[in-house]
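> Have a look; sequence and predicted model below, questions after that.
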Amino acid sequence: MMEALELLTNTSLWAAVLRIATPLIFGVLGALLCERAGVLNLGIEGIMTMGAMTGWLTVYMGGDLWTGLMVAALSGALIGLLHAILTVPLGLSQHVSGLGITLFASALAYYLYRLLVVVGDLPPTIEPFRPLDVPLLSGIPVLGPILFAQTAPTYLALISVAAMAYVLTRTPLGLAIRMTGENPHAVEAQGLNPILIRIGAVVAGSALMAIGGAFLTTAAFNSFFPEMVQGRGWISIALVVFASWRPGKALIGALLFAFFDAYQLRLQTVIEGVPYQLFLMAPYVLSILALVLVARRAEVPEALMAPYRRGER
Amino acid sequence: MRLERRTRVPLTLVVVAPITAIAVALTLAAGLIAAAGVNPMTAYGEMLRGAFGSRLSLTETLTRATPLILTGLAAAVAFRARLWNIGGEGQFYMGALVTAWVGHSLGLPPVIGIAVLLAFGMAAGAVLLAGPAYLRLRFGVDEVVTTLLLNFIVILFVGLMVEGPLRDPLAFGWPSSVPVDGDFRLPDLIARTRLHVGFLIAIAAAGVVWVVLSRTVFGAETRAVGLSPSAAAFAGVSLPRNLMGVALFSGALAGLAGSMEVLGVTAAVTTTMSPGFGYAGIVVAMLAALHPAGVVFAAVFVATVFVGADAMSRATGVPSFIADVIVALCLLTMLVALLFTTYRVRK
């Protein structure tokens, strides 16, 4: 028991929390942006897989790490565009389209990986992002290694939270996006095009999701392998509800989730006699519990999942 | 140009839509096959041969179609009532696990034993989906996320069981549960193949689903709820009761798939026994436009792609993931095709 508590004083645990939270932050921000404009994007799991693959592949083929993230974002945006076309102008079921996108994007990522990369006994690796080691600041005891020795994409994720919060709540663009998710008819009445706003939000949101996937292969690990996203996309969808569609709360949710994930990994080493699968289950169980706790109070965007057709109520 | 809802759907469209969708998906996938340096026509020829070329491959395709019929029915039943059951994979594994668990030490005569084990598998799947349905009714939790997350939880639970209490000490390599009693294995339909009577049970299940959906009060209520929940409620349908009924029905079908896979094919439960039967069931249901009879044909088609792609991959070197790409593309193209069966374009 004491050992379990002692783990909490370990700086490597808290550094791991930020690292584990990073892909979730990108994922949850992306999903949040889509949903704020009124489109549920269940393609997230596949888009993250695709981003993980294309980001890694770019670096493997000789590109630098930032180019890798850009290519990942671009691949995510393209798949997002497909989801947007199917669900916004065509108004097809967002559930079914999203699942189709997930199946398609993951299958395509695996197929292209097998086609373009020769895999031996072990998957090939790249040189991933290194921890930054901010001069002076990373030398601060305790806080230094936690806050100032992360890889660059982690800081990008944190900046993205602030940027998303600012854009959504403080700019005309953000107002238009939120209004499209609440009442697209009112947007139309303002002379704006809700269809274009939705497409744009889904494309941009999908690009963010893909960067989250690429973090896995270019910073957290250094190779790509099937099933590596492991439900992080679905968890992001749950976190959006938990966060009540707000970027700030989304960050808290991602950090909370990452804390439990990092903690259960370390608990496995000190608590004996408990099957490791129970620890691995904990994050998924907690996600469901979190949903149960907040679902009733959730402020769902009014027009989420309602397709917009001109002249149709 | 705008879309206008059709008042009635012509029967030809119902048949033409999936065929067009499949043709478009195969054409798109041909580009990917060509990118692998293989002539798409050669590859598709190899796929057909691999799926139907011999007695063995044909029975293998039908064996693969068996669980897909049931997971397809599970998705069709749920989607008709707008219950987004994405947990077919988890319900499949739960059915398989409980069947293997009980089937190891059940002191009953063979035929009764098999019936009891299938019932246990169905109950396991039904209970697993009843959870998310309850959470939606009681707390308003969206079932998409809960059923998806339960898939991960259940597969971890299966891993826990086969590495722990149910571990087969004689199995080497991947951990597996102790096999079910030989008396309870489903008999082969054709000797010296893996095709078992479960295939007929699955087709019978499609018949049962069809009768329930079209000839019972429950079916009529479900259809009404799927078209308009508020109108159905106004007409006196109890939405919570109907939703729970749909959940139990859908979960039981997916659980039956896992149960029969154990009794008919694998004899034991492992964490890798399903190559995504639950997820593929969603594609099957959509290709069938959620119709039980269509599910049987769609399941055979999807099984053809999977079994054929394995053989084609061995013959040509095209990665077998092409099967997953084709199946996913079919889902997307079918979704668009369905738009044209319910709407028509007006100038």
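The structure has been received and is ready for your questions. Numbering: from 1, shown residues only, chains lettered A, B, ... in the order given.
> ok, how many other residues are close to B:R241?
12 (other Cβ atoms under 10 Å in any protein chain shown). Every C-beta, even on glycine, is put in place using the N, C-alpha and C of the backbone.
> okay, it: pLDDT?
Per-residue confidence at B:R241 stands at 95 (pLDDT).
> That one sits in which helix or strand?
helix B:239-261 (DSSP states H and E).
> following that helix, which helix or strand comes up?
helix B:277-287.
> May I have that following helix as PDB, with CA atoms only?
Extracted in PDB, the C-alpha atoms of helix B:277-287 (Å, rounded to 0.1, in the frame of the first residue of the first chain):
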ATOM      1  CA  PHE B 277     -16.400 -10.400 -37.000                       C
ATOM      2  CA  GLY B 278     -18.200  -7.800 -34.900                       C
ATOM      3  CA  TYR B 279     -17.100  -4.800 -36.900                       C
ATOM      4  CA  ALA B 280     -17.500  -6.600 -40.200                       C
ATOM      5  CA  GLY B 281     -21.100  -7.400 -39.100                       C
ATOM      6  CA  ILE B 282     -21.800  -3.700 -39.400                       C
ATOM      7  CA  VAL B 283     -20.700  -3.700 -43.000                       C
ATOM      8  CA  VAL B 284     -22.800  -6.800 -43.600                       C
ATOM      9  CA  ALA B 285     -25.900  -5.200 -42.200                       C
ATOM     10  CA  MET B 286     -25.400  -2.000 -44.200                       C
ATOM     11  CA  LEU B 287     -24.800  -3.900 -47.500                       C
END
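> by contact count, what packs against that helix?
Helix B:277-287 sits against helix A:94-116, helix B:11-35, helix B:55-80, helix B:88-103, helix B:239-261, helix B:292-316, helix B:322-342, with contacts defined as 3 or more Cβ pairs under 8 Å, 6 or more residues apart in numbering or on different chains; DSSP states H and E.
> what angle do that helix and helix B:88-103 make?
130 degrees (axes from the mean of the first three to the mean of the last three Cα atoms, to 10 degrees).
> Quick one: distance of helix B:277-287 to the chain centre.
On the basis of Cα atoms, centre = their mean, to the nearest Å, helix B:277-287 sits 5 Å off its chain's mean C-alpha point.
> What residues does the stretch 1-150 of chain B have near chain A?
B:2-3, B:32, B:35-36, B:79, B:84, B:86, B:135, B:139-142, B:144-146, B:148-150 (Cβ under 8 Å from any Cβ of the partner chain).
> just to revisit the earlier point, which residues belonging to the helix holding B:R241 are considered buried?
B:242-261 (16 or more other Cβ atoms under 10 Å in any protein chain shown).
> got the contact list for A:S223?
A:56, A:122-126, A:217 (Cβ atoms under 8 Å, 6 or more residues apart in numbering or on different chains).
> from the residues you listed, which is closest to B:I114?
Of all those, B:I114 sits closest to A:P123, with 43.2 Å by Cβ to Cβ.
> quick one: the closest one and A:N222 touch, right?
No: the pair A:P123 / A:N222 is not scored as a contact, 9.2 Å apart, by Cβ atoms under 8 Å.
> tell me the angle of the helix holding B:R241 relative to helix B:277-287?
120 degrees.
> Name the residue of the stretch 151-300 of chain A with the shortest distance to chain B.
A:Q277 (4.0 Å; Cβ to the nearest Cβ).
> could you say what helices and strands whichever strand or helix holds that residue packs with?
Secondary structure assignment for A:Q277, by DSSP H and E: helix A:276-294. Contacting helix A:276-294 under the criterion 3+ Cβ pairs under 8 Å, 6+ apart are the following elements: helix A:232-242, helix A:247-270, helix B:110-139, helix B:143-163.
> And these: which comes nearest A:N10?
helix A:247-270 (7.4 Å).
> packing partners for that closest one?
Using 3+ Cβ pairs under 8 Å, 6+ apart: helix A:247-270 touches helix A:2-6, helix A:11-36, helix A:152-170, helix A:232-242, helix A:276-294.
> Give me the buried stretch members for it, please.
For helix A:247-270, by 16+ other Cβ under 10 Å, it's A:247, A:249-251, A:253-254, A:256-267.
> With stretch B:270-286 instead?
B:270-271, B:273-274, B:276-286.
> Of the residues you listed, just say which sits nearest to B:V225.
B:A285 (17.1 Å).
> who are the neighbours in contact with that closest one?
Going by Cβ under 8 Å, 6+ apart, the list of residues near B:A285 reads B:72-76, B:79, B:295, B:298.
> Kind regards, and thank you for your time.
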